[in-house]
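1. Sequence and computational prediction follow.
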Amino acid sequence: MQALFSDPDLIPTLKDLHAEVALALQDFSPGRAAIVRQLDAAGVGVIAWMALPRDQGYYLNAGNEPAAAARFAQFQKWSAAQELHWAGLGLDIEPSLAEWAQLQQKHRFRLFLSLIGRAFEGQRVVKARTEYSTLIRQMQTQGYAVQTYQLMFLADERRVRSSILERILGLVDVRGNMEALMIYSSFNHALDSGMVWAYGPDAQAIAVGSTAASGDAAMDAKFPPLNWNEFSRDLIVASHFSRTVGVYSLEGCVRQGFLPRLKSLDWTQSIVLPAATVAAAQAFRGRIQIIIWIASHFVYIAAIVLIAILCLFLWWRKRRVARQTPFA
């Protein structure tokens, strides 16, 4: 991070772009504080991106509300001691980093069983929403504007009036002053900016990405970062739905030389999305919503199927007995 901000052109460019920086706070180090002061002195607003230590899962979710509250208390003490000024706070709500890791390793079945068990923990959702809503109000009372960063699939869950993703993935449907849906078309290059177009109407703000490689060769081969044409198209399409557009990540933009090109980007230019791409993106959302709905009603669907099978069996037995009964 210090190497990133040692570039003498970076901070002036950020200021020219009227950009703010969401800075992940996985530690409260003097070096991180120095960079916050450097950005603040240059007139670049810094969002305190609340993150847990990596051994605690990093992301905020329904499994770590007490840790998130404790982290905020530590953040306040650190900010006061270092005399830091912030443009706001950011809460990135995603499944635990440990669970992402299990998907890449040989513990998928164990994770699957755990997720199935959570599907029946409705009180977990209520508890998480209540505690995070309380934490957000506490942050706002302390004078902070609060941003929440949510997976785009939460918009689909809202559409079908479900809470299954909150139950099994630990998402928490709460909002602060602004919510940004993370619509990363780098996970599906074939749909181009159609993903942003499809989810844009449900977004208060949009974060596009990813512009950076993950560092995992297999993952990067399957989901490479956005190139300039893809990135700029996503930005312009997102701007039709939101005055605030987030980018993940700054490091990726610097590595690919995007920032100087952003300064001359024509935000009024027309973007043509092929009808087939738009239809495919909308169909993708439709499939996601069907899956969420079925998962939400799985118990009821299974019960209906079992009842239907039982009725068929009883009908078959009755027919069979009737055929075997001799007439007098």
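-> That came through fine.
2. Give me the nearest residue to Ser79, chain neighbours excluded.
-> Distances taken as Cβ to Cβ, 6 or more residues apart in numbering place Trp86 nearest to Ser79, at 7.0 Å, with adjacent residues excluded. The C-beta positions use only the backbone N, C-alpha and C, and glycine is treated the same way.
3. so that neighbour sits in a helix?
-> No - using DSSP: H, G, I helix; E, B strand; the rest coil, the assignment for Trp86 is coil, not a helix.
4. what about it, how many neighbours?
-> By the measure other Cβ atoms under 10 Å, the count of residues near Trp86 is 18.
5. and what of Ala218?
-> Residues lying near Ala218 (other Cβ under 10 Å) number 9.
6. Is Val245 bridged to anything, and to what?
-> With DSSP bridges as the criterion, Val245 is bridged to Ile206.
7. separation between it and Val208?
-> 7 Å (Cβ to Cβ, to the nearest Å).
8. Could you say which helix or strand holds Tyr149?
-> strand 146-151 (DSSP states H and E).
9. ok, Ala62 - contacts?
-> Contacts for Ala62 (Cβ atoms under 8 Å, 6 or more residues apart in numbering) come out as Arg124, Val125, Lys127, Ala128, Glu166, Gly170, Leu171, Val172.
10. can you do 6 Å?
-> Counting by Cβ atoms under 6 Å, 6 or more residues apart in numbering, Ala62 makes contact with Arg124, Ala128, Gly170, Val172.
11. got any ranges where the stretch 151-300 of the chain has weak pLDDT?
-> Applying pLDDT under 70 to the stretch 151-300 of the chain flags the ranges 298-300.
12. Okay, strands next: where are they in it?
-> Assigned strands in the stretch 151-300 of the chain, in chain order: 178-183, 205-209, 245-248 (criterion: DSSP state E, counting those that start in this stretch).
13. thinking again about what came up before, thinking the residue nearest to Ser79 is in contact with Trp49, fair?
-> No - the criterion here is Cβ atoms under 6 Å, and Trp86 misses it with Trp49 at 10.4 Å.
14. which of Val245 and Val208 has more neighbours?
-> Legend: neighbour count by other Cβ under 10 Å for Val245 and Val208, higher for Val208 (27 against 19).
15. Roughly how far does the closest residue to Phe28 other than its chain neighbours sit from Trp86?
-> Distances taken as Cβ to Cβ, 6+ apart place Trp78 nearest to Phe28, at 4.1 Å, with adjacent residues excluded. Going from Trp78 to Trp86 by Cβ to Cβ gives 11 Å.
16. try Ala213
-> 29 Å.
17. Tell me the spacing between Leu91 and Gly176.
-> Separation of Leu91 from Gly176 (Cβ to Cβ) stands at 7 Å.
18. list residues touching both of the two?
-> Thr148.
19. Neighbour count: those two, which is higher?
-> More neighbours surround Leu91 than the other of Leu91 and Gly176, with 26 against 21 (other Cβ under 10 Å).
20. beta partners for the nearest residue to the more buried one once chain neighbours are set aside?
-> Distance criterion Cβ to Cβ, 6+ apart; nearest residue to Leu91, sequence neighbours excluded, is Thr148 at 5.0 Å. Counting by DSSP bridges, Thr148 forms beta bridges with Leu91, Glu179.
21. Do I have it right that Thr148 meets Leu89?
-> No - contact criterion Cβ under 6 Å: Thr148 and Leu89 do not qualify, at 9.6 Å.
22. Gln74: neighbour count?
-> Residues lying near Gln74 (other Cβ under 10 Å) number 11.
23. List the contacts of Gln26.
-> Contacts of Gln26 (Cβ under 6 Å, 6+ apart): Ala51, Pro53.
24. Go again with 8 Å.
-> Ala51, Leu52, Pro53, Arg54, Tyr58.
25. for Gln147, same thing?
-> Counting by Cβ under 8 Å, 6+ apart, Gln147 touches Ala22, Ile47, Gly88, Leu89, Gly90, Leu91, Gly176, Asn177, Met178, Glu179, Ala180, Ala205.
26. and the two most separated of those?
-> Leu89 and Ala205 (14.8 Å; Cβ to Cβ).
27. who's more crowded, the two?
-> Leu89 (25 against 18).
28. Report the secondary structure element holding the more buried one.
-> Using DSSP H and E, Leu89 falls in strand 88-93.
29. Tell me which other helices or strands that strand touches.
-> Packing partners of strand 88-93 (3 or more Cβ pairs under 8 Å, 6 or more residues apart in numbering; DSSP states H and E): strand 46-50, helix 122-141, strand 146-151.
30. swap the cut-off to 7 Å and go again
-> Contact here means 3 or more Cβ pairs under 7 Å, 6 or more residues apart in numbering; DSSP states H and E; on that basis strand 88-93 packs against strand 46-50, strand 146-151.
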